[in-house]
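> from the sequence below, what's the structure:
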Amino acid sequence: MIIRPIQYRDLPALQEIARESGPGFTSLVDDRTYLESKIRHAIDSFGRDIQRPGNEHYLFVLEDENTGDIMGTTGIEASAGHERPLCHFRRETGNLIRCTHYTGCSEICSLYLRPRYRQANAGKLLSKVRFLFMAQNPQRFSSTIIAEMRGVSDAGGQSPFWNWLKTRAGDLDFATVTRLAGTGTPEFMDTILPAGPLPVTDIPPEAQRVIGQVHEQTRPALKMLEAEGFRHTGFVDLFDAGPTVEAELYDIISIKLSNQCQVQVVDDSMTAITRHQPGNRNQAMLITNMELADFRATVTEAATWLPHHNLLTVPESLARALGLVDGGMTRFLPLAQAAARTEFHSRTPEVKYAH
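Residues are numbered from 1 along each chain as shown. Predicted coordinates for the structure are as follows:
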């Protein structure tokens, strides 16, 4: 499986993913014109010469290199709120208050692994590859990274929070309002949402219980982000009340633990020098090239890190798939090392913030 930037030929698969993901996944909406525009914007973003983040959107797909099937998606918004307001509710004592606190932050988004393609390390690859892309292109992103987590809704697409709020907001069903949130005009929020604070005491218990909670399919993604150092500081989504989590770019564990080094391409049949030494046997690594429009990444056990030589040995066939050349540069993340570090990090007490 290979991560690469999205292309126009991926439109049918992207629309299938938009249908599969269902209401509440507002970064991918089942609208062909909207998705075509999203692909066009992503291709343009990968091709830009950037000195600071603007309205760029980087959308990647996970491809089965044997079949060509698109297994999932993942993305990054360089500067959220750049073209349309990025609004949240801030939870204060007794009230929910609409705000634009995160405007200008970079947002990781659009992570979806199709159920029939779920396999070892696929979810990790989709999540962590964004951080390695940021690590080698820091000028393209903000110092604060956020993720809006999908809130609670049932199998029928009903959101307890929206079922309460819609009585004050035009009485649109959840599927319609999330679709309009993804494809509508910047003025859309002001036309449907009530102005002023919303007293928590007015919210029924079933809606209160889901404020700051995530959809059951989003729990693994939230757990991975918390292990990376992301924390919820009190901001929730306007429609399903899912939490937004945040981290500083250089505090993200996968960025801290990733390495940039030179590539040594070896014959596929050659046994690497240290392959059978302790600590070098069958280590899964996330490996990327250093390109933009031709960015590639994968998880493999076939590469070997030679720290004393600052070399990563890569079999020729894998190097070809990733666009790596002998003597060129790569960035990699040992997943076992990252797992050990993030497990320790996730056990540390979570800091609570008052707003």
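> count the neighbours of the residue nearest to Cys105 when sequence neighbours are not counted for me.
Distance criterion CB to CB, 6 or more residues apart in numbering; nearest residue to Cys105, sequence neighbours excluded, is Thr144 at 4.5 Å. Every C-beta, even on glycine, is put in place using the N, C-alpha and C of the backbone. The tally of other residues near Thr144 (other CB atoms under 10 Å) stands at 15.
> can you check Pro138 too?
Neighbour tally, Pro138, other CB under 10 Å: 13.
> for the record, mean pLDDT for stretch 303-315?
In this model, stretch 303-315 has an average pLDDT of 92.
> so which bits of it are buried?
Ala303, Thr304, Trp305, Leu306, Leu311, Leu312, Thr313, Val314, Pro315 (16 or more other CB atoms under 10 Å).
> okay if I get those as CSV plus secondary structure and distance to Pro138?
Output for the buried residues of stretch 303-315, formatted as CSV (DSSP: H, G, I helix; E, B strand; the rest coil; distance: CB to CB, whole Å):
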residue, secondary structure, distance to Pro138
Ala303, coil, 24
Thr304, strand, 28
Trp305, strand, 23
Leu306, strand, 26
Leu311, strand, 24
Leu312, strand, 21
Thr313, strand, 27
Val314, strand, 24
Pro315, strand, 30
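> who does Leu59 form a beta bridge with?
Gly75 (DSSP bridges).
> who's in contact with the host helix or strand of Ser127?
Assigned by DSSP states H and E, Ser127 belongs to helix 122-136. For helix 122-136, the external contacting residues (CB atoms under 8 Å, 6 or more residues apart in numbering) are 1, 3, 58, 60, 62, 71-76, 106, 108, 111, 113, 140-141, 145, 220-221, 224-225, 228, 249, 252, 254-255, 258, 260, 286, 288, 290, 295, 297-299, 331, 333, 335, 338.
> from those, which land in strands?
Applying DSSP state E to the contacts of helix 122-136, the entries found in strands are 3, 58, 60, 62, 71-76, 106, 108, 111, 113, 145, 260, 286, 288, 297-299, 331, 333.
> now list the buried members of those.
Among the ones in strands among the contacts of helix 122-136, the ones that count as buried by 16+ other CB under 10 Å are 3, 58, 60, 62, 71-76, 106, 108, 111, 113, 145, 286, 288, 297-299, 331, 333.
> quick one: end-to-end distance for stretch 72-84.
One end of stretch 72-84 to the other measures 26 Å (CA to CA, to the nearest Å).
> again with stretch 285-296
Taking CA to CA, stretch 285-296 runs 14 Å from one end to the other.
> give me the mean pLDDT for that stretch.
Averaging pLDDT along stretch 285-296 yields 97.
> list the buried ones in it?
By 16+ other CB under 10 Å, the buried positions in stretch 285-296 come out as Met285, Leu286, Ile287, Thr288, Asn289, Met290, Leu292, Phe295, Arg296.
> how about stretch 192-212?
So for stretch 192-212, counting by 16+ other CB under 10 Å, buried means Ile192, Leu193, Leu198, Ile203, Ala207, Gln208, Val210, Ile211, Gly212.
> stretch 222-236 now?
For stretch 222-236, a neighbour-count test (16+ other CB under 10 Å) marks 222, 224-230, 232-236 as buried.
> give me the below-cutoff pLDDT ranges for this structure.
23-26, 181-190, 270-282, 338-355 (pLDDT under 70).
> for the chain, just list every one of the helices.
According to DSSP state H, the chain carries its helices in the segments 11-21, 32-47, 122-136, 160-165, 174-183, 188-192, 205-208, 219-228, 253-257, 316-322, 335-346.
> need those helices in a markdown table with distance to Cys99, can you?
A markdown table is the format used below for those (distance: least, CB to CB, whole Å):
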| stretch | distance to Cys99 |
| --- | --- |
| helix 11-21 | 27 |
| helix 32-47 | 26 |
| helix 122-136 | 25 |
| helix 160-165 | 16 |
| helix 174-183 | 16 |
| helix 188-192 | 12 |
| helix 205-208 | 20 |
| helix 219-228 | 22 |
| helix 253-257 | 28 |
| helix 316-322 | 42 |
| helix 335-346 | 28 |
